[in-house]
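A.B. asks: Build me a model from this:
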Amino acid sequence: MVEVPSALTALQPATSSAYRRAADTVLPLADPRLLTLCREQLQSTQQRRSWHPPADCTGADRQGLALAEQFAVDVNGISEAQMAALGDAIGAEAVNVLVNSLYLVDMALRLQQVAPVVLAGTGDAAPASAGQPAADAGSDSDAAVAEIVAGVIADFAAQAVLADAVDPLTSELVRLRCAQVHHCRLCGSLRQRSALENGFEETMAERVARYEQGGFSDAQVAALHLVDTLILTPADAGPALKEDLERHYSPEQIAELCFDVVKWSQQKALVATHIDAPPWEGIHVLDFDDNGHPLFTGPVIAH
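C.D. replies: Next up is the predicted model:
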């Protein structure tokens, strides 16, 4: 159900492997029929084409499909009432598994449309598949399943963070653009320490919303074009984007940027389930330990 484009596997093997492990673990925990239907809905919505679900869809199926469609269009449009109704239909833990599965499938479908365009000619191997049946977790408690899901996705995120060929300022602008598009309050309340130490100014966070007129470098604008293509219009990826990126970045850096967008788009699961509110007031510092796991180290000190 999930394929990692061959160019990404060739250029970012560790991150690609971590993404496949996450899919291998999480997707088999979801209801297979519902997840297959949701994949069709995600893909058709991303490609802006009509798709009609089977006539034998249950009420729960249709609720799941409505979630998948909104997840692909604008995750901020998913209401608490919608999530509560789906929870009543399939159970709270099944909702958690489904939302995280949607994240993994949604972003894989986006990568499949964009990466072969912007990395054309790189990586000739067949795409690596994921989402095959994993060990049975049916006997695990809901809490154990939630821990498993959170753990493998956190491991992928950490591996993505460890790739650091892209400069800290560009990486931070990419992260903030994802937060703005997905309306993630938690990520919007954070600033990466590495960016703060390399010239990040708070006005940049505001200017990301209008980055083409925001006074950023051509390289930064190219990276932000990639962000928008992946999370807004993957079907529109074309040669102009590839040429723009290649003027400023190596293939390895382009692949890293693709996975940065995937990593930060995990915000979509937080926003969909309405757990994205930060546990603090104001802007705080985001740092990472040596293994790539996040550390929240207190408020940003104005200078």
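
A.B. asks: Quick check: which ranges of this structure have low pLDDT?
C.D. replies: 123-140, 302-303 (pLDDT under 70).

A.B. asks: So which residues make contact with stretch 204-222?
C.D. replies: The contact list for stretch 204-222 (C-beta atoms under 8 Å, 6 or more residues apart in numbering) reads 169-170, 172-173, 176-177, 180, 188, 191, 224, 244-245, 247-249. For the C-beta atoms, the positions are set from N, CA and C on the backbone; glycine is no exception.

A.B. asks: Farthest pair within those?
C.D. replies: Spatial extent of the contacts of stretch 204-222 (C-beta to C-beta) is set by the pair 188 and 247 at 29.7 Å.

A.B. asks: More neighbours: which of these two?
C.D. replies: Between residue 188 and residue 247, counting by other C-beta atoms under 10 Å, residue 188 is the more crowded of the two (19 against 10).

A.B. asks: where does the more buried one sit relative to residue 271, distance-wise?
C.D. replies: Residue 188 is 11 Å from residue 271, where distance means C-beta to C-beta, to the nearest Å.

A.B. asks: tell me the helices in the stretch 51-200 of the chain, going along the chain?
C.D. replies: Ranges of helices in the stretch 51-200 of the chain, per DSSP state H, counting those that start in this stretch, are 59-73, 80-90, 92-118, 142-162, 168-182, 185-188, 193-196.

A.B. asks: For the ones you listed, could you give me TSV that also reports distance to residue 1?
C.D. replies: Listed next are these as TSV, based on distance: least, C-beta to C-beta, whole Å:
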stretch	distance to residue 1
helix 59-73	13
helix 80-90	19
helix 92-118	6
helix 142-162	16
helix 168-182	23
helix 185-188	27
helix 193-196	35
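
A.B. asks: Out of those helices, which is closest to residue 6?
C.D. replies: Between the helices of the stretch 51-200 of the chain, helix 92-118 lies closest to residue 6; by C-beta to C-beta that is 8.2 Å.

A.B. asks: center of this protein, which residue is that?
C.D. replies: Centroid-nearest residue in the chain: residue 265, 2.7 Å away (criterion: C-alpha atoms, centre = their mean).

A.B. asks: Please consider this matter closed, and thank you.
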